[in-house]
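Chemist: quick check, what structure comes out for this input:
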Amino acid sequence: MTDPLLLAAATEATARQRSRTLEEPDWLLDERLDAVRRVAELPNESNTLWTTYLDLRAVKFGEVEPYEAVGLAADAARAPLPEGAAAFLHVREDRIVARALSPEAQAAGVFVGPFAEALRDRPDVLRAVVEGGRSLPGDDRFGQVARALSAIGILVHVPDGVELSGPIVLRWSVGAPGRALVSRTVVSLGAGARAGLLEELEAVDGAGTTADPEAPQSQWWGTMEVALGDGATLDVAGEQDLGPRTASFVTRQATVGDDAILRWALAQVGGLFAKSRIDNHLVGRGGRVHQAEIAFGGGSQLFDLSSYTRHIGRDTTGDLLVKGVFQDRARGHLKGLIAIERSAHGTDSYLGEFGMLLSKKARSVTIPSLEIDQPDVRRASHASSVAPIDESQVFYLMTRGVPMEEARKAITLAFLEPVVARIPLPDAQQRLRELLEAKWAEGHGRAVAAGEESSAA
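Modeler: Next up is the predicted model:
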């Protein structure tokens, strides 16, 4: 059992108080109240195929207190823009500590800011995306928590026809013991717009750095609610390196219009527990989604990654790849569903889920599935496997003079490279490679100290 999930704060009274504190209009209050009702009624896992593989025992929901609101630091506007970025917004615990727009983005009418400003400057854009709960899966209890209790909402809006040369960077720094940050991010691209978005989740300085199982936990709840106009293109990259006592819950949903293209490249490395759900709704003719997601777990980490891709429009394409590497006693639950509705003639869809085990105590499950209601498809297929490192590959590299452990390291990191290569900023890409190398070194060091082999073979 997991209740008090959902934070004892998931009540009507709390939702009303949050809305008053943030001075929200009535329609946003209605959104919160509808979400509170759903949180009370929904099961923790709505897909009965996956119920067995939801394990929340490590998360102490009653141990954290959510922030009520996120303020703006006085010097936030003086923060520098990261090199190569079009926009930057940094939230540290309960403060926006940095925000900046490039001259290019300002001239093009790009908006990146909190809901309070969006309700003043872009009210129609925000309302069109989120009203009625359409931008989040209605059967996902965890996403509804964010909808009910968010202390901050961020709107990213790129108008029709605007093409940004650099990515928009959103950074979240969290991990204060006993606290939870609940947030929403809404992304709207107009017709023909083109943009990149890099979301970074990191441990706040000086907090959340101990792995002591008795230390208080922290939590981050977030969303990314995407609406792509006809012909729009969005590249989303994400890096999660939270502290070892932080549990994260993120729900992402995208609605993809005619001939629009969405690319996800998401990496999960840190945290005590990470639960991620991605819903892709391909509603427009010719819409495409390309999704690559990786997780690298060590210690007793658990990564719960699920995705739904729903083909609704004609001639849509889905290409989804999920990979996990698990060492020590880490676990990974990789779950996916491709649904092809009766209206989706000409669908081409693939889902691959692959786990690599680096120790005998690591565990992973892969559960790809298909629901096909339209036989007129170009392709509908899935594949999955869970296995240790391929020893024939290790042998091949050793015959060319590469030491055994260097060979294992090279194979492991190459297994995860499809996501790393898609990170848009060179500095962020290099940082992710360093995180993955450090993760390998930690696990290998523990295996050597324990006198164990680093492979599960």
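
Chemist: give me the beta-bridge partners of Ile278?
Modeler: Arg252, Ser307 (DSSP bridges).

Chemist: distance-wise, check it relative to Ala128.
Modeler: According to C-beta to C-beta, to the nearest Å, Ile278 stands 22 Å off from Ala128. All C-beta spots, glycine's among them, are computed from the backbone N, C-alpha and C.

Chemist: of those two, which one has the most company?
Modeler: Ile278 (25 against 13; other C-beta atoms under 10 Å).

Chemist: show me the contacts for the more buried one.
Modeler: Arg252, Gln253, Ala254, Trp264, Leu266, Gln291, Glu293, Ser306, Ser307, Tyr308 (C-beta atoms under 8 Å, 6 or more residues apart in numbering).

Chemist: among these, which ones are buried?
Modeler: Burial by neighbour count, 16 or more other C-beta atoms under 10 Å: within the contacts of Ile278 this picks out Arg252, Gln253, Ala254, Trp264, Leu266, Gln291, Glu293, Ser306, Ser307, Tyr308.

Chemist: dump the residues you listed to JSON lines, plus pLDDT and distance to Pro43.
Modeler: As requested, the buried ones among the contacts of Ile278 are exported to JSON lines (pLDDT from 0 to 100; distance: C-beta to C-beta, whole Å):
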{"residue": "Arg252", "pLDDT": "98", "distance to Pro43": "20"}
{"residue": "Gln253", "pLDDT": "98", "distance to Pro43": "19"}
{"residue": "Ala254", "pLDDT": "98", "distance to Pro43": "24"}
{"residue": "Trp264", "pLDDT": "96", "distance to Pro43": "26"}
{"residue": "Leu266", "pLDDT": "96", "distance to Pro43": "25"}
{"residue": "Gln291", "pLDDT": "96", "distance to Pro43": "25"}
{"residue": "Glu293", "pLDDT": "96", "distance to Pro43": "24"}
{"residue": "Ser306", "pLDDT": "97", "distance to Pro43": "14"}
{"residue": "Ser307", "pLDDT": "97", "distance to Pro43": "19"}
{"residue": "Tyr308", "pLDDT": "97", "distance to Pro43": "16"}
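
Chemist: now, which of these sits nearest Glu65?
Modeler: Arg252 (25.5 Å; C-beta to C-beta).

Chemist: distance between the worst-scoring helix or strand of the chain on mean pLDDT and the chain's centre?
Modeler: Lowest by mean pLDDT, DSSP states H and E among the helices and strands of the chain is helix 426-449, with a mean of 86. Relative to the chain's own centre, helix 426-449 is displaced by 20 Å; criterion: C-alpha atoms, centre = their mean, to the nearest Å.

Chemist: what's next to it, contact-wise?
Modeler: 82-84, 198, 200, 237, 239, 241, 267, 269, 296, 298, 327-328, 358-359, 405, 409, 412-413, 416, 420-421, 423, 453-454.

Chemist: okay then, goodbye and thanks.
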